[in-house]
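K.L.:
coords below, sequence missing:
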């Protein structure tokens, strides 16, 4: 460890602490067999070519080269050292994050990093940066929604960090329902200004990242109110404005604006989510972002074309990134879980009571939690890639004036965002619990990963809400199939619906798919399950006219079923068609495919049975197949996580270290890095003294309450 | 808020901050209808007599009276104020917890509190106290395992807090497998002392609460090594010793002992979990707790009777407390979720686009997450009570020399601990996510509840491991039933097995239970599902001689199925037989019973189908029934959580306040209580300054890394 900070100042505690630390524990070793030995053996035994597999997964766009290059730089900066950060207060975590954000931005200048380099550094340092919204949503909104003139003015200021921006849409009382926002932007024809005003407390902006303490500018979304010819104000719905909210010298909120940080959260301690209210605050005409929406300052005439299709495209792209980012978050959890449970021994085999203690990952009760998630990392990887391909194709179509793929793409991305982030949020926690007691410790590598990731299930469209869009889209497709039940259109979605509908009409019982005979039958069985769920809903909604609300739980299930079927299909297609998969890894990747499919099929067995997709005999056989697959995969699990090439620096986990020195690192962090061990307390309840020798009683802690 | 600390010192920030705070937000109100209005309407409309229901649930043992009395005392102590504590560093949280622990102990003296009063105060303050192990496991072990002479010496020191103790069993390398512990206690016949020695790093004690910084004594569990007649050391397995580990004056570890706190964790920041190692550390003969185990100091002869049955009884009692404590943890989460989603409005009805925005709890997609958990709070309450009854009965039997109920009781308590804490850990997170964005905020009331509770699924027996004990017990019962297949013994467990076995033998198809016709048929259907799962395992294990390990996932499922059936049965029995249930609440409690049962039946529909417990027609009808039940329960949900009588002080949640002032409190906490808003930062990346006017660059944060 480097004991100099960026300016070469020796940190005094480092020396004094190390000199105090010599004791009889210095030369103790863990009991045998130790972690390095165990992992080395596993790595020697596998047939998986780890580097080739990593290359297949991650080499395009120069990801692996970039990671190695950036890692070398960030890892040696003392400011980016993570080992003691979990001890800090919220305020210190935020200050640290700000210092880190500044340093990262300086490294951009120093090394000439491009945006991908910068994002890689951000990922490795693993703080959600106070500049995050400036670098992402703020600049993106200006690029997409500002007029050419506005861009010419603002972009140089943004790119040079002369101003720092944020994005303020969500309010205290309104999140997902953007139409319901309460903040008003009233056009004053006399002064030719807009007047921003928060009429209620619930109109307060809320959650807006980077704005609570950092940004001096913000995109502010407000209800645009414009007087009609009779002078009555009419609402034109929510529109984005660019607003300077803080003084550029004092950094205080401008008069008529109240801003602050909303306080501690479940995770994301390093970012300043804001509240913000306005009191009759005037902004110029030029504040309205006017690439599309326009308000004539002289006539007061407002015009706005339908939202351009390309906006939905961007959303799909963002969601494909969420899926790809999710697979790496899950891969972090699974890497830790696989390595640690391979090393950890507990209990002798009940049928072999004289044998050695068994590695935890050899227990099916541990495998069933971790190995389907290991498969999921691969599933999500291929799904994210497929989403990006779909996005590129749709974009080309749209530019050629063809908007037909848009609804499909939007539905696809909503459903997958919801389903995949659910899988990952739950999967991270499943991995953590599979680590037993040490999974609860600070050296597990989950102490920041888990709470930070949990934000994903409610942001960018709450996972239980956006699935309605998928269901609505699918119902339309089913309606189309019903209307043209006997025609074959070559449409991949509708044709299977029609087969199902005709069988239903003609009283023909469709044969269950023989899922153990042919891998593509597995894909078909997932689609038939979805089709049956969809048909039931179609009957309820379209035929029986049931209310939308009363069907909501079924709609959500339908969407998840559809997403699951897509994941299975994409994985299957990849295994069939992707020639970059290294030959020696193919059989094991196929095992992962089967495990993922059969695991989920067993979970939803009743659906598969009811829809006639799989026979009862096959369904009853699933637990055996799953167990056999897990036993086949387990010896290669270490190699399969190694292929994700997640650096120890990012994992920040004693349990998940590449070298397997689990117990040495757990002890090192506790014994040598824990600041709480630098104070000696007074345990006597009749004495006020808390820390020996600090003189004070408890007034010092009381003052912080 | 009281702005004086315990000694009457005015906290300066309180005044200055309040005087700075006046701004245009002071008089803003949330949009209409507001929370208080909405909750008042709900409370006026219900037929649930909340106070009577609360009395039925909680009045025995004086719980409600005690809560009110203790609350009045703790609520007015500034040291117990929770609103800003989430901002503190680990070190300050620990110091605060120590100060609070001291104050609580002083209040015991001041008010003459008994142990139940003290535990109530601990629950309300909601810190896991640095004295926790001293007050619980340490003193309990002395009472149960120390000889009379040892008790006479130690108990006065413990009760007066002259010494502070902890319990050190778990090691870095060994948790659940106590037999595998590595720490040695070697008997030295010459000096008549034991020598404690940690031969490896993995022999380090680990996780031991209250020991890292606080305790000066500990129960230390070590492998007892005694020389046999030939002078060869023989292991007698793990035994408890009482050891002074810190100097009583300096509070430093004694020579030959290394102790420290293991560092930050997922939750439980307020307690000092320890590591501890020994280097040839000598302790006297009297250190061995010798109520049962005895070592003759002269002959070196060791003797120990079989573990007395009553020890298992205690474990059952502890686990019944875990279930009861769990229901209150879940009730906290559900109280917050029900109140907030009743108040929160989002989106208009798709079939009524001109109507007002809909309360979130009116959406079935929100109901399906929260209302089955509301039912679960009641289920767990009755289950915990039933466990305590079983414990009392078994204890009476044991004292009369009848040990026949012991295995059943042990199995029952293992299974319910695992299943119920799983339900609650997952349920708390489900509630949190159902709150949308605000569930991620610090004012949600989940920021401490969630991570603290998550420890429950791995401590006191990992949830995936202890279920094996249940399965092993059930297999024996099935074997007994197979052996006596045609006799009727009146045994409630075995007779249904025999009915199942005979039908199976005779090729008779058992009729599915008509679960919508008779509530007791529901109970029978859950038992038949379990019986079928058990029978399959019996065939695999006993007939086909499959290895235990290969069956582990099925064993776990079996245990959970058995526990679920018990929960359903206990709830049903209570509704039938408990005359203290207020008449007007009965129908709604029955709805909760049906919802709980049908919700889980739907989740496991394939099991119910396969075992012939429920017909396909009835299974297909479940989603409708669940929806109807939820719609019937929703209007009374606020009353049903009110009945748990959880004080706002314990909830510490803006979202879950009894009075419904959700938005006012969210804003108050952000705008007036967030210390981060007291600093103004410098956002320019080319300047080192982080906080305006503090002069320093980032060396101050760097020093804390």
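P.N.:
Yes, it's here. These figures come from a predicted structure and were not determined experimentally.

K.L.:
and the helix or strand where residue A:331 lies, what does it pack onto?
P.N.:
Secondary structure here is read from DSSP states H and E; on that basis residue A:331 sits in helix A:309-343. Contact here means 3 or more C-beta pairs under 8 Å, 6 or more residues apart in numbering or on different chains; DSSP states H and E; on that basis helix A:309-343 packs against helix A:35-45, helix A:139-145, strand A:352-359, helix A:364-399, helix A:406-434, helix A:449-453, helix A:637-642, helix A:648-651. Where C-beta positions appear, they are placed from N, C-alpha and C, glycine not excepted.

K.L.:
Now the longest one: buried residues?
P.N.:
Translated: helix A:364-399. A:364-388, A:390-391, A:394-395, A:397-398 (16 or more other C-beta atoms under 10 Å in any protein chain shown).

K.L.:
which stretches of chain A have low pLDDT?
P.N.:
Counting by pLDDT under 70, chain A contains low-confidence residues at A:1-21, A:306-314.

K.L.:
So for it, which residue is the most central one in space?
P.N.:
The residue at the geometric middle of chain A, judged as the C-alpha nearest the mean C-alpha position with C-alpha atoms, centre = their mean, is residue A:326 (4.5 Å).

K.L.:
neighbours around the closest residue to that one other than its chain neighbours, how many?
P.N.:
What sits nearest to residue A:326 in space, not counting adjacent residues and going by C-beta to C-beta, 6 or more residues apart in numbering or on different chains, is residue A:424, at 4.3 Å. Residues lying near residue A:424 (other C-beta atoms under 10 Å in any protein chain shown) number 27.

K.L.:
what's near enough to touch residue A:424?
P.N.:
Taking C-beta atoms under 8 Å, 6 or more residues apart in numbering or on different chains as the contact definition, residue A:424 lies against A:326, A:327, A:329, A:330, A:376, A:380, A:453, A:456.

K.L.:
redo that, cut-off 7 Å
P.N.:
Counting by C-beta atoms under 7 Å, 6 or more residues apart in numbering or on different chains, residue A:424 touches A:326, A:329, A:330, A:453.

K.L.:
Now tabulate those in a markdown table and tack on distance to residue A:134.
P.N.:
As requested, the contacts of residue A:424 are exported to a markdown table (distance: C-beta to C-beta, whole Å):
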| residue | distance to residue A:134 |
| --- | --- |
| A:326 | 24 |
| A:329 | 23 |
| A:330 | 28 |
| A:453 | 22 |
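
K.L.:
which of those lies closest to chain B?
P.N.:
Compare each of those with chain B using C-beta to the nearest C-beta and the shortest gap goes to residue A:453, at 11.2 Å.

K.L.:
Could you find the closest non-adjacent residue to that closest one?
P.N.:
Spatial nearest neighbour of residue A:453, chain neighbours left out: residue A:329 (5.3 Å); criterion: C-beta to C-beta, 6+ apart.

K.L.:
neighbours around the one you found, how many?
P.N.:
Counted with other C-beta under 10 Å, the neighbours of residue A:329 add up to 21.

K.L.:
That one is in contact with residue A:455, isn't it?
P.N.:
No - taking C-beta atoms under 7 Å as the definition, residue A:329 is not a contact partner of residue A:455, at 11.3 Å.

K.L.:
Alongside chain B, which residues does the stretch 351-500 of chain A contribute?
P.N.:
Proximity of the stretch 351-500 of chain A to chain B is confined to A:351, A:357, A:363-365, A:368, A:433, A:436-437, A:439-443, A:446-447, A:454-455, A:457-458, A:462, A:464 under the rule C-beta under 7 Å from any C-beta of the partner chain.

K.L.:
Where do the strands of the stretch 51-200 of chain A begin and end?
P.N.:
Along the stretch 51-200 of chain A, the stretches classed as strands by DSSP state E, counting those that start in this stretch are A:165-168, A:184-188, A:193-197.

K.L.:
Which secondary structure elements does the helix or strand following the helix holding residue A:331 sit against?
P.N.:
Next helix or strand after helix A:309-343 toward the C-terminus (DSSP H and E): strand A:345-349. The helices and strands touching strand A:345-349, judged by 3 or more C-beta pairs under 7 Å, 6 or more residues apart in numbering or on different chains; DSSP states H and E, are strand A:352-359.
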